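Novice: Structure, please.
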Amino acid sequence: MNRIVGLDLARGIAIFFAMTSHTFSALNYNAGLSMNLVFRTSTPLFIVVFGFFLHRIYLRKMNESGFENIKIKLWTRAVQCYVLYALTCVLLGLSMQYSIAYTLRMIIFLGGTPFTDILKYYTLILISAPYLLLFISRYGLKYAIGLSFIPHVLSFFSLLKPITFIPFGHYLSAMTYGGGEIVAGPSILHSFIFILLGFYLSVILQNEGSRSSIFKNDKNRYILMVSIVLLSSLFALYATGNMTIDDLSGMSLRNSNAYPYFLFGCLSSILFIELSLLTAHYVKQIYLSPFILFGSSSLILFSFGNCILYSIYDEYQFSFLLYLLILLCFYFICHINFSLKKVPSKRFQFILEYISVGYVKLLIK
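Specialist: Modelled structure (predicted):
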């Protein structure tokens, strides 16, 4: 299997945008319309790239080693994400002086967690991922793509209702399918459209490690057609007054799982991945290594990097020097994580992985 450096670069860019956005929020700094519009591309891009690697790596492994082995691997990753998420909840509770009850609610997904909702999202998406791979292996990608539109249609007709039979159930409904009071988006079911876009890009680039474009030949004309349709739809919404640039640059469309957010997310992800592929093809990898390092340590950065931001939230005013200092801290977190991977007997991730595998096997039995 050839490695596509451009996809590693795209993932690093997504993490960089997300962490910069979080840093600006922690320092109470408004980056302006243009930058906020760029920041809104980070979550869709990261999920699309996740879908790419889920298909490219795990679908092949499932066909080779079987469903149960892949389920253990993905559920192990889910446990690791959850441990990191729980850690951030504790530190968030301490930093913000939340009550013990609310901190516990956050830990069991019944509370809002600024900046690190993505860890909660990935915990659940990794649990469901083996079954998505099994469905695609049996029935094909086109049927999965067709089913992924169902949550969007239900949302359009306001048919998704909140969970009311348990206390704070609206947090669960908002997170899983977007029903009721929205806490943070996109919901898991709505975001499958991003994951499956990543699947399709993986199919296009299968065994094409040196390819520098997803529009390279006639085989990939459908991506061009999809891009034109997405761009035309966004333009039509803007021209008719049903959407503004302010809407796209803010969080309201994302948090309400509104379909313009997904149109914009799919289009921007295709464009950023194309740009990343071209950049990786023409620029030496050594110059791209900081972004690639960010991408390879994304979950660690999302947890420990955001813990740093929790500790300084609203304590300092933005300055470019302070931003660079925080960015340097993020880089060292990623660098330390990368270095520890070379010493498996001493790295935290190895211990966490060992415990996670044991827990998942016990759970499955």
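Novice: how about the nearest residue to T103, chain neighbours excluded?
Specialist: The shortest distance from T103 to any non-neighbouring residue, by Cβ to Cβ, 6 or more residues apart in numbering, is to G93 (3.4 Å). Bear in mind the C-beta positions are built from the backbone N, C-alpha and C, glycine included.
Novice: which SS class is the one you found?
Specialist: The three-state label given to G93 by DSSP: H, G, I helix; E, B strand; the rest coil is helix.
Novice: That one and F115: what is the separation?
Specialist: For G93, the distance to F115 (Cβ to Cβ, to the nearest Å) stands at 14 Å.
Novice: list the residues that contact both of these two?
Specialist: Shared contacts of G93 and F115, defined by Cβ atoms under 8 Å, 6 or more residues apart in numbering, are absent.
Novice: Pull the contacting residues for C81.
Specialist: C81 neighbours (Cβ under 8 Å, 6+ apart): L119, Y122, T123, L126, L299.
Novice: Show the contacting residues for the first one.
Specialist: Under the criterion of Cβ under 8 Å, 6+ apart, the contact list for L119 reads C81, Y82, L84, Y85, T88, L299, F302, S303.
Novice: Just the pLDDT for F348.
Specialist: Per-residue pLDDT puts F348 at 51.
Novice: cool, L352 as well?
Specialist: 49.
Novice: What of N63?
Specialist: 86.
Novice: Can you tell me how far the residue sitting furthest away from the middle of the chain is from I286?
Specialist: In the chain, counting by Cα atoms, centre = their mean, T240 sits farthest out from the average C-alpha position, at 30.8 Å. According to Cβ to Cβ, T240 and I286 sit 47 Å apart.
Novice: what does T116 give?
Specialist: Where I286 is concerned, T116 sits at a distance of 31 Å (Cβ to Cβ).
Novice: same question, Q317
Specialist: Q317 is 36 Å from I286, by Cβ to Cβ.
Novice: quick revisit: now do the phi/psi pair for the residue farthest from the centre of the chain.
Specialist: phi -90, psi 0 (degrees, to the nearest 10).
Novice: now swap in N28 and tell me
Specialist: According to degrees, to the nearest 10, N28 has phi 60, psi 50.
Novice: what's the pLDDT at it?
Specialist: For N28, the pLDDT comes out at 92.
Novice: isn't it right next to E315, touching?
Specialist: No. If you go by Cβ atoms under 8 Å, N28 and E315 don't touch, sitting 9.7 Å apart.
Novice: Does V90 touch Y102 like I think?
Specialist: No. Applying Cβ under 8 Å, one finds V90 not in contact with Y102, separated by 11.8 Å.
Novice: before we move on, the earlier item: mind giving me the PyMOL select for the contacts of C81, buried ones only?
Specialist: Here is the PyMOL command that selects the buried residues among the contacts of C81 (16 or more other Cβ atoms under 10 Å):
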select buried, resi 119+122+123+126+299
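Novice: residue contacts, the nearest residue to I118 once chain neighbours are set aside?
Specialist: Spatial nearest neighbour of I118, chain neighbours left out: F302 (5.8 Å); criterion: Cβ to Cβ, 6+ apart. F302 sits next to I15, A18, M19, L84, F115, T116, I118, L119 when contact means Cβ under 8 Å, 6+ apart.
Novice: Which one (most neighbours) among those residues?
Specialist: Ranked by neighbour count (other Cβ atoms under 10 Å), the contacts of F302 have I15 at the top, with 27 neighbours.
Novice: show me the contacts for it.
Specialist: Here I15 is in contact with S42, F46, F294, G295, S298, L301, F302 (Cβ under 8 Å, 6+ apart).
Novice: So which of the residues you listed is the closest to S276?
Specialist: G295 (10.2 Å; Cβ to Cβ).
Novice: which residues sit in contact with the closest residue to I188 other than its chain neighbours?
Specialist: Leaving aside its chain neighbours, I188 sits nearest to T176 (5.2 Å; criterion: Cβ to Cβ, 6+ apart). For T176, the contact set (Cβ under 8 Å, 6+ apart) comprises L124, S187, I188, L189.
Novice: need these in TSV with pLDDT, secondary structure and neighbour count, can you?
Specialist: Shown next, in TSV, are those (pLDDT from 0 to 100; DSSP: H, G, I helix; E, B strand; the rest coil; neighbours: other Cβ atoms under 10 Å):
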residue	pLDDT	secondary structure	neighbour count
L124	94	helix	16
S187	92	coil	23
I188	93	helix	19
L189	94	helix	22
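Novice: Might you calculate how far the strand or helix carrying Y131 sits from the centre of the chain?
Specialist: According to DSSP states H and E, Y131 maps onto helix 117-139. Centroid separation for helix 117-139 versus its chain: 12 Å, with Cα atoms, centre = their mean, to the nearest Å.
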